[in-house]
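> My questions concern the predicted model and sequence given below.
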Amino acid sequence: MKYEKIKLGKNNHIDNTAILGYPCNRKIGNKTLTLGNNATVRTGSTIYVGNRIGKNFETGHNVVIREQNKIGNDFSIWNNSTVDYGCKIGNNVKIHCNCYIAQFTELEDDVFLAPGVTFANDIHPGCPNSRKCMKGPHIEKGVQIGVNVTVLPYVRIGKHSLIGGGSVVTSDIPPYSVAYGSPARVHKNISDLKCTTGYSKSPYSFIKKENKK
């Protein structure tokens, strides 16, 4: 189903039960949904008004993307995941199944979220003024976040860090860190990790090369 105020690019595939341009109850300025070329929106997915999404966008099934998000190129988001309103998402970002991205979160380029990742944005739950100070995490370029990780409001995770599965991230993580636990603590640098399968000496050697530029 397609509502009004939709700008579609070329070569898009929209399944019959997907919904584009779903209206919102919030008062927002620009209600146009802009979707770039080569999008694939699968069954049960709903994309609200007021989003700007780049080319090569792809959803799994039953994805919800709320209003007023700015999303770059080559973004994929899989089954039963939600991006709430007012987020900024860069290029080549991949969100797996059953994830929740809270309002006012920022994901930079090349971020990966494994299944079950949850972001929070409310430091004063239940406060009448909580909406005024809501802010989701800021996830820098190339961060990889493992399964069932929770990241609390205002937290910033530095570029190319790796967050171990099941962690609760309560404070900022420096770039190039390996952090895990509840609360998450930095245990080493990603350059210290060794490949246990024997395919390479270091699974993140490509990041070390980037760091030298």
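In hand now; what should we look at? Everything quoted here is computed from the prediction, not taken from an experiment.

> Show the low-confidence segments of the protein, by residue range.
Low-confidence segments of the chain (pLDDT under 70): 1-2, 4, 208-213.

> got the residue ranges for the helices in it?
205-211 (DSSP state H).

> what's the burial count for residue 130?
13 (other CB atoms under 10 Å). The C-beta positions use only the backbone N, C-alpha and C, and glycine is treated the same way.

> Which residue comes closest to it once chain neighbours are left out?
Excluding the flanking residues, the one nearest residue 130 by CB to CB, 6 or more residues apart in numbering is residue 124, at 4.6 Å.

> What distance do you get for residue 34 to residue 61?
Separation of residue 34 from residue 61 (CB to CB, to the nearest Å): 23 Å.

> Equivalent analysis for residue 33, please.
19 Å.

> which one of those two has more residues nearby?
More crowded of residue 33 and residue 61, by other CB under 10 Å: residue 33, with 24 against 16.

> Contacts only, for the more buried one.
Residues in contact with residue 33 (CB atoms under 8 Å, 6 or more residues apart in numbering) are 5, 6, 7, 20, 21, 47, 48, 49, 50, 51, 53.

> Show me what it is bridged to.
With DSSP bridges as the criterion, residue 33 is bridged to residue 6.

> one step back: measure the residue nearest to residue 130 to residue 182 for me?
Going from residue 124 to residue 182 by CB to CB gives 22 Å.

> that older thread, most neighbours among the contacts of residue 33, which one?
Among the contacts of residue 33, residue 47 has the most neighbours (other CB under 10 Å), with 27 neighbours.

> right, and it touches residue 14 too?
No. In this structure, residue 47 is not within contact of residue 14 by CB atoms under 8 Å, at 9.5 Å.

> Touching both of these two, which residues are there?
Residues touching both residue 47 and residue 14 (CB under 8 Å, 6+ apart): 20, 41.

> about what we covered before: for the residue nearest to residue 130, what are phi and psi?
When read as degrees, to the nearest 10, the backbone of residue 124 gives phi -130, psi 70.

> Now do the same contact list for the nearest residue to residue 155 once chain neighbours are set aside.
Nearest non-adjacent residue to residue 155, counting by CB to CB, 6+ apart: residue 137, 4.6 Å away. For residue 137, the contacting residues are 102, 105-106, 119-121, 151-157, 169, by CB under 8 Å, 6+ apart.

> run the last query once more with 6 Å
105, 119, 151, 155 (CB atoms under 6 Å, 6 or more residues apart in numbering).

> likewise residue 116?
98, 147, 148.
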